[in-house]
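S.K.: give me the fold of what follows.
(one chain, ligands or ions: 1)
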Amino acid sequence: EMVVKTTKPGAEIQSTMYGLFFEDINFGADGGLYAELIKNRSFEFTQNLLGWKSFGNVEVRTDNPAFDKNPHYVRLSNPGHPDKQTGLENEGFFGVGIKKDAQYRFSVWARLPQGGESQSFRVELVNSNNNPVAKQTLNVTSADWKKYEVVLTSPETDAKALVRIFLTSKGDIDMDHVSLFPVDTWKGREGGLRKDLVQALADLKPGVFRFPGGCIVEGTDIDTRYNWKNSVGPVENRPLNTNRWQYTFTNRFYPDYFQTYGLGFYEYFLLSEEIGAEPLPVLNCGLACQFQNKDPKAHVPVDKLDCYIQDALDLIEFANGDVTTKWGKLRADMGHPAPFNLKLLAVGNEQWGKEYPEHLEPFIKAIRKAYPKIRIIGSSGPDSEGDKFEYLWPEMKRLKVDLVDEHFYRSQKWFLTQAARYDNYDRKGPKVFAGEYACHAQNKKNNFDAALCEAAFMTGLERNADVVHMATYAPLFAHVKGWQWRPDLIWFDNMSSVCSVNYYVQQLYAYNKGTNVLSLTMDKKPVTGQDELYASAVWDKNEKAYIVKIANTADKEQNIRVVLDGTKKGQLTSGTATLLHSSDLDAENTLANPNTVLPQKEDIQIEGNVLNVKLGAKTFAVYKFLK
Ligand code: AHR
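M.R.: Reported below is the predicted structural model:
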């Protein structure tokens, strides 16, 4: 028997529960959420024509460039024979995905290096059988760099098309920032985000959106850290950065993985606003990823942190400053005069050792002084210390950060035993941000088993709402052809996407998060694994609903009696049960079979204030009663 005390609503559930962690890993941004279809559009990859094939007379140049921070461009010149062609073709990200009847906006910056008569080129969408299926000719009319654009409509669907450009006149043309976007992006924004992927995020009703990572915040070395100032302003002049996830310990190597920053801090703030989530940027603290002590490439001495600290202060001004401030004006010029109302800022990602608090401290001092209302998030260290994080927590308390970011990628067993993890956390110290977590089953798949363990674990997040203020599953996205890390919440290819079973666990919590925790006990104890059951309960004062979540991790059906103590006969009207279940623990949702495991909703009866249920083996259930 489980008893829910309905008379005394407890701790408030934070509006930041449950959230999203975004990182450009697994081609999550370039090649994913950022809908650009051309790879290496600015010719800035370390091999300037990576992603391109050139034919005829094509030269990479840097003299008098269009964009000083991305100076490389190509010159297309006469091939010298009537039967020869000059041009380029782009392979896209694992191909260029095109859809029947969809429109694609091609754009390019171009000029006539010799001036004079206008010159022309043709752009084509070419299907995987090497047939051009859509084409348009454009005239370049000026000796100055100018943007030219045209819309192509695809008559067919092909996941692996390419984009080809032919010089069609005799004189030279210089080209830079060659771009192709679907016209139909999220909110129809030009150069915008992939609609299906943003919709999947919005459908989680996220409370917080953490960006831009992860390890990419730290960088492989300090020079390649994520520098937010490089990610704002006109996209053409955001300098390319390499991606820390080119190479990983999974041995899946992607030498063509770079960050264009087309999806930059402005876009992240805007996205947070549009999906209703608190923005939570994470900044580098002067330490690179897995830094080697004192290596100058990875470690900025504490007395040389000024410009990093200034970056943090400037970021707050960019988000919240009025239009008369330098950075507030840039935000307004980019299209958002109103502040983004930033409240949270994390400094450092998964840092460790005594270097981290030493580096964090001056940031805290400066931020508190200039912006006392900003809530600062510190790190508890790498996942390998995930059981206790013994070293950094006391340091975070000493520094009085507002929240501590914990990361754990662990086994099913770990997730189940840690359902009680937060029951004894100090209530007086910083709050918890479970900033990266995912259950890693043996095969590291997004299977039902892992999702069920996460559901069980999350009863502990919910029960401890007074101390756990934010939680974000990680990583968020993965391209099926280009991943370095799994499991991931949402998988996609060039044409479509699929929500994992784990996604539906997050969604069930988000849609049923309630406003206050209720005490739920079995034999007067929280339900943290007795009889292989895990449970928590909340009250939703807006909906006037009691919500009870139970994960039955046993491989047998269990008879459970839930008493809603304090409610009277007839007070509870309609009730529903939403069940997530699969008889196959290894079941997963895939692009081919996206609906293998989905939540199923049914009506249920309550007798007086007692719910008698037979909860099936291996099932996560959300029971909801309206008062
Ligand atoms: O989520 C993948 C990686 O895991 C993140 O980049 C990093 O913070 C953690 O180690």
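
S.K.: how close does whatever residue of the stretch 251-400 of the chain ends up closest to the ligand sit to Ile364?
M.R.: Per C-beta to the nearest ligand atom, Glu350 is where the stretch 251-400 of the chain lies closest to the ligand, at 4.4 Å. For glycine as for every other residue, the C-beta is placed from the backbone atoms N, C-alpha and C. From Glu350 across to Ile364, the span is 18 Å (C-beta to C-beta, to the nearest Å).

S.K.: now Tyr308
M.R.: Taken as C-beta to C-beta, the span from Tyr308 to Ile364 is 13 Å.

S.K.: next: Asp256.
M.R.: 39 Å.

S.K.: show me what contacts the residue of the chain found nearest the ligand?
M.R.: Using C-beta to the nearest ligand atom, the closest approach of the chain to the ligand is made by Gly214 at 2.9 Å. Applying C-beta atoms under 8 Å, 6 or more residues apart in numbering, we find Gly214 in contact with 21, 23, 25, 282, 349, 436, 474-475.

S.K.: need the pLDDT of Glu91.
M.R.: Note on Glu91: pLDDT of 98.

S.K.: make residue 1 into 42 and carry on from there
M.R.: Got it, first residue is 42 now, which makes that one Glu132.

S.K.: right, and it touches Gly92 too?
M.R.: Yes - taking contacts as C-beta atoms under 8 Å, Glu132 lies within contact range of Gly92: 5.7 Å.

S.K.: overlap in contacts of the two?
M.R.: Lys80.

S.K.: run through the chain and note the low-pLDDT ranges.
M.R.: 290 (pLDDT under 70).

S.K.: go again using 90 as the cut-off
M.R.: 288-294, 330-339, 393-394, 422-432, 483-484, 609-615, 646-649, 668 (pLDDT under 90).

S.K.: which parts of it are helices?
M.R.: 236-243, 256-259, 306-315, 347-361, 367-374, 396-411, 433-439, 453-458, 489-504, 542-552 (DSSP state H).

S.K.: for these, could you give me a markdown table that also reports distance to Ala586?
M.R.: Output for these, formatted as a markdown table (distance: least, C-beta to C-beta, whole Å):
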| stretch | distance to Ala586 |
| --- | --- |
| helix 236-243 | 23 |
| helix 256-259 | 39 |
| helix 306-315 | 27 |
| helix 347-361 | 35 |
| helix 367-374 | 39 |
| helix 396-411 | 39 |
| helix 433-439 | 36 |
| helix 453-458 | 27 |
| helix 489-504 | 15 |
| helix 542-552 | 11 |
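
S.K.: now those in TSV, with mean neighbour count?
M.R.: As requested, the helices of the chain are arranged in TSV below (neighbours: other C-beta atoms under 10 Å):
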stretch	mean neighbour count
helix 236-243	18
helix 256-259	25
helix 306-315	22
helix 347-361	19
helix 367-374	17
helix 396-411	18
helix 433-439	19
helix 453-458	18
helix 489-504	27
helix 542-552	22
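
S.K.: of all the ones you listed, which lies closest to Asn600?
M.R.: helix 489-504 (18.8 Å; C-beta to C-beta).

S.K.: circling back to that earlier point, residue contacts, the residue of the stretch 292-441 of the chain closest to the ligand?
M.R.: Contacts of Glu391 (C-beta under 8 Å, 6+ apart): 256, 259, 330, 420, 422-424, 448, 477.
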